[in-house]
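>>> pasting a predicted model and its sequence here:
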Amino acid sequence: MSGITLILDSLSVTFAKFVEPKFPRARAVDGGKLEYSANGNGIGDGPVFEQPHLWTFSVYCTEQDMRILGAMYHESDVRRRVLPQINTEITLIDKVREYQERSPRTRVIAPDASEVAVGTNHVSYYAQFHVWFVKEPEFDKAGDKRIAHLSFQETEKFTC
């Protein structure tokens with residue numbers, strides 16, 4: 001099933017009905033940029049490390065989904081404030097958009113998914129990520145439907 005699953009200990013919720021058709025994953029900062037020298041030669045510039053991912057999306061949800069999201073946010077915020085920090089990361093399983101990279105893969109594959117070779121040096125697969133809430137979940141009601149507005153940022157690679 002296509003969707004995004006969030007897991008924090010015993011709390012888990014999956015969303016498959018998005019309000020907008022846009023895929024929710026993007027990079028926190030665009031990668032490189034191209035500038036030109038005085039004589040017109042291209043000069044590439046940008047960060048030397050892989051940019052973390054952001055997920056910003058709105059989904060249709062139930063009252064129970066709202067409760068679970070509220071509990072996840074509260075628990076991760078409480079853990080964040082404890083020193084030394086205990087595990088504050090939420091596992092985000094993205095089965096909406098496959099992740100592509102050079103072989104061998106660097107992230108854990110989503111449950112019930114497999115990697116697909118792309119050419120001779122790359123792979124594509126549904127991946128799992130470690131994330132933090134960017135901000136507290138926001139909720140709306142549209143008629144008899146409830147909508148959750150969510151934002152997450154990748155903390156580090158969820159490695160194999």
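Okay, I see it.
>>> most remote residue from this structure's center?
Asn39 (41.2 Å; Cα atoms, centre = their mean).
>>> now do the SS call for that residue.
coil (DSSP: H, G, I helix; E, B strand; the rest coil).
>>> now it. Its backbone dihedrals?
phi -100, psi 10 (degrees, to the nearest 10).
>>> from Lys33, how far out is it?
19 Å (Cβ to Cβ, to the nearest Å). For glycine as for every other residue, the C-beta is placed from the backbone atoms N, C-alpha and C.
>>> what does Gln153 give?
From Gln153 over to Lys33 (counting by Cβ to Cβ), the distance is 21 Å.
>>> with Ala26 instead?
Here Ala26 is placed at a distance of 16 Å from Lys33 (Cβ to Cβ).
>>> with Ile109 instead?
Counting by Cβ to Cβ, the gap from Ile109 to Lys33 is 32 Å.
>>> equivalent analysis for Arg67, please.
Distance from Arg67 to Lys33, by Cβ to Cβ: 43 Å.
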